[in-house]
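Undergrad: Fold the following for me, if possible:
(one chain, ligands or ions: 1)
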Amino acid sequence: MKDRIEQLRSDFEAALGSATDASELEALRIAYLGKRGHIAALMQGLREVEDKKTAGQLINSLKTEVEDRIKNADEALRRAAVDREIREAKKYNPTLAFPREMGSYHPITLATREVEEIFRTMGFTIENYAEIVDDYECFEALNIPKHHPARDMQDTYYLENGQLLKTHTSAAQNAIMKKYGAPLRAIFPGRCFRNESTDACHENTFFQMEGMMIDEDISISNLIYFMKTMLSEVFKRDVKVRLRPGFFPFVEPGFELDINCAICGGEGCPSCKNSGWLELCPCGMIHPNVLEAGGIDTERYTGFAFGLGLTRLAMMKYGVKDIRDFNSGSLKALSQFKSR
Ligand code: FA5
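TA: Have a look, this model is predicted:
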């Protein structure tokens, strides 16, 4: 009996060594541990053995050994299968886990930078100014006293402390004059706010770029030269503009500078309120009251100022028909500026 058991043990070792998958292992288990398997046959053979106890122990130990070895081999086969799956799977690329879309500059930022660069090369300083200002900066210092009708055009959002969201970049004129004195060449872009209904060419939050040049003998010719240079540089071609008288209490004389609508080519469309022209850059010679409020010697110096509608400039430059697209936050609209 002992020899049979040893023979079975070594046969089992050989068979186990050549089992390569779960079905072969299962066949081995049935062959050894099944009802009609080798171990069951050994048990039956016990009847003819004298030392049943010792033989029984040997058979049981062989049975336990076969059970353990098959269980271990099964686990090893499963582990190997998982390892193989990982190895053979496509290599994992962690950078694909999050879509890494490149962002892009907002068209207003692009337009601002371009105009800034044009004025920088012409010797202008670039200034940043606050969005929250006080009544003096936004109106009083600009020759717009309380109850002046010009205030009606620029209703805005007031804070409880009396300050307000600036309605135009002109609100920085006084502070800039006080900061630099004359002679002075400065531009100051900024966000403006107005309490007004929106349409294709009006927003309640939009950008302007103010410019001032103060020196001896500054005249309207200088103003026109700088405006024309800026526009032809921005549009890289001659642009049709028209200058007409315009009233602003802080300039005298004052002008409206309109640009031929680039969306309809001047035929009239919602973007230009069907006029063919778009108010882009009011300007004029700075009013002596405003210069004096800024501490400038009006006997010696004169100057011009302009308030370029940056958002409208971006509309014309990029062919955006509706000004509201800029504040829409729509990626479909804004991502079109990626390559610029
Ligand atoms: C002003 O704001 C004056 N401060 C401009 C100025 C400066 C005149 C210096 C003289 C000297 P106006 O309200 O027209 O003016 O606005 C200037 C430009 O800002 C407009 O021509 C237009 O291009 C733009 N703008 C005005 N309101 C809006 C609006 N609601 N939405 C979009 N752009 C606007």
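
Undergrad: Roughly how far does the residue nearest the centre of the chain sit from the ligand?
TA: Most central in the chain under C-alpha atoms, centre = their mean is G103, positioned 5.0 Å from the mean C-alpha point. Between G103 and the ligand the distance is 25 Å, computed by C-beta to the nearest ligand atom, to the nearest Å. For the C-beta atoms, the positions are set from N, CA and C on the backbone; glycine is no exception.

Undergrad: in what helix or strand does that residue lie?
TA: Per DSSP states H and E, G103 falls between elements, in no helix or strand.

Undergrad: pLDDT below threshold where in the stretch 201-340 of the chain?
TA: Within the stretch 201-340 of the chain, the ranges that satisfy pLDDT under 70 run 339-340.

Undergrad: For it, which segments are assigned as helices?
TA: 220-235, 288-293, 310-318, 331-334 (DSSP state H, counting those that start in this stretch).

Undergrad: tell me which residues of stretch 69-85 are tucked away?
TA: Across stretch 69-85, burial judged by 16 or more other C-beta atoms under 10 Å covers R69, I70, A73.

Undergrad: ok, these vs the ligand, which is closest?
TA: A73 (78.5 Å; C-beta to the nearest ligand atom).

Undergrad: helix, strand or coil for the closest one?
TA: Following DSSP: H, G, I helix; E, B strand; the rest coil, the label given to A73 is helix.

Undergrad: For it, give me its contacts.
TA: L16, A19, L25 (C-beta atoms under 8 Å, 6 or more residues apart in numbering).

Undergrad: Spell out which residues of the stretch 151-300 of the chain are next to the ligand.
TA: 168, 170, 194, 196, 202-203, 206, 208, 248, 251, 254, 279-280, 282-284 (C-beta under 6 Å from any ligand atom).

Undergrad: what's the burial count for the closest residue to the ligand within the stretch 51-200 of the chain?
TA: Residue of the stretch 51-200 of the chain nearest the ligand, by C-beta to the nearest ligand atom: H168 (3.3 Å). H168: 24 surrounding residues under other C-beta atoms under 10 Å.

Undergrad: Might one say that it is in contact with A305?
TA: No. If you go by C-beta atoms under 8 Å, H168 and A305 don't touch, sitting 10.8 Å apart.
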